[in-house]
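In: From the sequence below, what's the structure:
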Amino acid sequence: MASSHQDHPLFKKMEKLFGTIKEQIEKADDEKISVEDRDLLRLLETKAVDEALAIAERSRIPGLKKTVKVCTKVIGKVLDLEAQPPSGQAAEEELSGTAADLRQHRVDKMERIRERGDNPFKFAFDRSHNIGEARVAFEAAEPAGTEESPAEVPARLAGRLVAFRNQGKSCFADIRDEFGRIQLFMGLKQVGEDVFASLKDLDIGDFIGVEGAIKRTRRGEITIFATGYEILTKSLRPAAEKHHGLKDVETRYRKRYLDMVANPEVLETFKKRIQVVSYMRQWLEKQGYLEVETPMLHPIPGGATARPFITHHNTYDRDFYLRVAPELYLKRLIVGGFDKVFEINRCFRNEGVDTRHNPEFTTMELYEAYQDYMGLMEETEEMLTYIIEKIVGGTSFEYQGNTIEVKRPWKRMTLHDAIREYAGIDLEATRDRDEAVNLAKSVGVDVDPSMGYGKIVDEVMSDKVQPHLIQPTFLYDYPIELSPLAKKKRDNEALTERFQPFIACMEVGNAFSELNDPIDQRERFESQVALREAGDDEAQFLDEDFIASLEVGMPPTAGLGIGIDRLAMIVTDSASIREVILFPQLRTV
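Out: Numbers count the residues shown, from 1 in each chain. Modelled structure (predicted):
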């Protein structure tokens, strides 16, 4: 660290946070402390913030994740402070001028690199390790070292320059790749005058490759002592304002690449999202499900109650609809002879946008022949528990201030029992719309004039029941008006064999005993057409080809849809769906 900054308040704040983290670990129950937790403070002290954040995400120690997040932000500011060059060697970010001036300053540096006969945009660089691997390799070799002959590991590393500290005849810098961050030392004696002089043309954000030996400094930081470097890509535009990072939410979403550069923890969020899909696919394939692909352009929108997007095919001179759900095509595959199929798919619904809805989203849908909704409920519970445990490292985790416990078995309630318990009204006792309206209004639920009985039940559930479903819960047996593709309940034809899993007050899925009676299906579709003609633009269309497929014969089947985005929100403790979609849809500005 540059001694001129040692008295800065940031250093005192950082040391205080180190003390808090140490205390949290020491006071935690032994069964909650992992080997990783015990290494956390060392990682933070050596500024290995990416590794520390990843460990904190997995930690079971109460409050530790929050403290570590605060600490890593302070460390980032400390690193920025250390990166400020001495007087007379102002970094580009300290220069005055417009963004265009700053960009031109970098372009000038790029041209100087070219004038030296170097290419500022290389084709490749042969790495010996990624940075995470390099740190692991050094730590594995370190015990064999001695005081007289400390351990060192030769390496060729590459990454983005994220800090630079010029100290006259030597400099320290930090480079970062997807897998970690490491300090870099270059001295005038080690690299020579010409190479050292060229360092003035580097900027934060440049990609460089370095070669040298990885050692530990006297201050204990793992560092690559470089014998040379290469400019791999010259950054012509700063990724974020130097000392404050990228905090504007709209900019983060619109320019996700800047978000990732400025906020490395965002990469960890999306790695967890990727894991959700990976573990889900693993579980399904192990159960014998086959992954298939079905069309995204539909001649008739179907499979869900939703407003579709419309596009036009020029060659056929006809309109098509972007997929709202793959359901009807997947069930055609069951008709055709598959027993178990699934598809991880993009769906599009021309609806409102909020913290839980994006017009383009990802779902997994599966269909299993000879199964019903109760059997599928068991499978769903097993699959979701498996995925969550794999990602969070246990059966309990924090989501937005609540501790969620996914240990099986999960709570199960009929939809009407839940309404009776949480809303205090009995909508199952009536089928009359006007009575349902009065009951809903009696508990403060607004009812739109276009709503039928089923929509009223759904509105009461959303408003009065869902906020209580913090812990994993299955609601089942929904009104027939809400479920045009589900079988009628065996002992009550006013209901359908349908369930939805809820976690952290969010609906994460939807499942049925699938309707395979073509006569009943036609009647349901015709009821939906009547609703559409009455003004419900989310009601489903009549699909004659799908009915024809049912007339060929579909075996008893259960189907499930899981919202990948919402599940990713839950395992990453994200309050908004936009935090887990790489490029969410935003209003044009």
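
In: What is the longest strand of the chain by residue count?
Out: Ranked by residue count, the top strand of the chain under DSSP state E comes out as strand 153-166.

In: Find me the pLDDT at E92, would you?
Out: As summarised for this prediction, E92 has a pLDDT of 47.

In: And T355, by the same measure?
Out: 88.

In: Same check on F583?
Out: According to the per-residue confidence, F583 scores 93 in pLDDT.

In: tell me which strands and helices the longest strand of the chain is in contact with?
Out: When contacts are defined as 3 or more CB pairs under 8 Å, 6 or more residues apart in numbering; DSSP states H and E, strand 153-166 sits against helix 64-83, helix 131-141, strand 170-177, strand 180-187, strand 207-216, strand 222-233. C-beta here means a position set from N, CA and C on the backbone, and glycine is covered the same way.

In: Please tabulate the ones you listed in a markdown table, including the columns mean pLDDT.
Out: Conversion of the helices and strands packed on strand 153-166 to a markdown table gives the following (pLDDT from 0 to 100):
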| stretch | mean pLDDT |
| --- | --- |
| helix 64-83 | 80 |
| helix 131-141 | 96 |
| strand 170-177 | 95 |
| strand 180-187 | 95 |
| strand 207-216 | 97 |
| strand 222-233 | 97 |
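
In: Quick check on the residue of the chain positioned farthest from its centre: phi, psi?
Out: Residue distances from the centre of the chain (CA atoms, centre = their mean) peak at E148, which lies 47.2 Å from the mean C-alpha position. Per-residue torsions, E148: phi -80, psi -30 (degrees, to the nearest 10).

In: Sketch out the strands for the stretch 201-350 of the chain, chain order is fine.
Out: Listed in chain order, the strands found in the stretch 201-350 of the chain under DSSP state E, counting those that start in this stretch are 207-216, 222-233, 290-291, 297-298, 310-313, 318-322, 340-348.

In: Mind putting these into CSV with mean neighbour count and distance to A134?
Out: Below are these laid out as CSV (neighbours: other CB atoms under 10 Å; distance: least, CB to CB, whole Å):
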stretch, mean neighbour count, distance to A134
strand 207-216, 20, 6
strand 222-233, 19, 7
strand 290-291, 14, 36
strand 297-298, 16, 47
strand 310-313, 10, 48
strand 318-322, 15, 45
strand 340-348, 20, 34
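
In: pLDDT of the lengthiest helix in the chain, averaged?
Out: Taking DSSP state H as the criterion, the chain has its longest helix at helix 265-286. Averaging pLDDT along helix 265-286 gives 97.

In: contacting residues around it?
Out: With CB atoms under 8 Å, 6 or more residues apart in numbering as the test, helix 265-286 has contacts from 50, 53-54, 57, 69, 72, 178, 252, 256, 259-260, 291, 342, 344, 362, 364, 366, 383, 386-387, 390-391, 562, 564, 567-568, 571-572, 574, 579-580, 582.

In: what does stretch 142-155 give?
Out: Residues outside stretch 142-155 that contact it (CB under 8 Å, 6+ apart): 128-129, 134, 137-138, 141, 211-216, 224.

In: How far does it stretch from one end to the other?
Out: 15 Å (CA to CA, to the nearest Å).

In: what do you get for stretch 344-363?
Out: Distance across stretch 344-363, first residue to last, is 6 Å (CA to CA).

In: now stretch 138-157
Out: Taking CA to CA, stretch 138-157 runs 13 Å from one end to the other.

In: If we go by neighbour counts, what in that stretch is buried?
Out: Using 16 or more other CB atoms under 10 Å as the test for burial, stretch 138-157 gives F138, E142, A151, E152, V153, A155, R156, L157.

In: before we move on, what SS does the third one have?
Out: So the one you mean is A151. Secondary structure state of A151, per DSSP: H, G, I helix; E, B strand; the rest coil, is coil.

In: so which of the helices and strands packed on strand 153-166 comes closest to K13?
Out: Between K13 and the helices and strands packed on strand 153-166, the shortest gap by CB to CB is with helix 64-83, which sits at 5.5 Å.

In: I'd like the next helix or strand past that closest one.
Out: Using DSSP states H and E, the helix or strand that follows helix 64-83 in sequence is helix 99-115.

In: before we move on, the earlier item: turn the strands of the stretch 201-350 of the chain into CSV, columns for distance to I547.
Out: Formatted as CSV, the strands of the stretch 201-350 of the chain follow (distance: least, CB to CB, whole Å):
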stretch, distance to I547
strand 207-216, 57
strand 222-233, 57
strand 290-291, 25
strand 297-298, 16
strand 310-313, 23
strand 318-322, 18
strand 340-348, 20
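
In: Quick test: name the residue nearest the centre of this structure.
Out: Within the chain, and using CA atoms, centre = their mean, the residue nearest to the centre is V580, at 3.4 Å.

In: picking up where we left off before, filter the contacts of helix 265-286 down to just the buried residues.
Out: 50, 53-54, 57, 72, 252, 256, 259-260, 342, 344, 362, 364, 366, 383, 386-387, 390-391, 562, 564, 567-568, 571-572, 574, 579-580.
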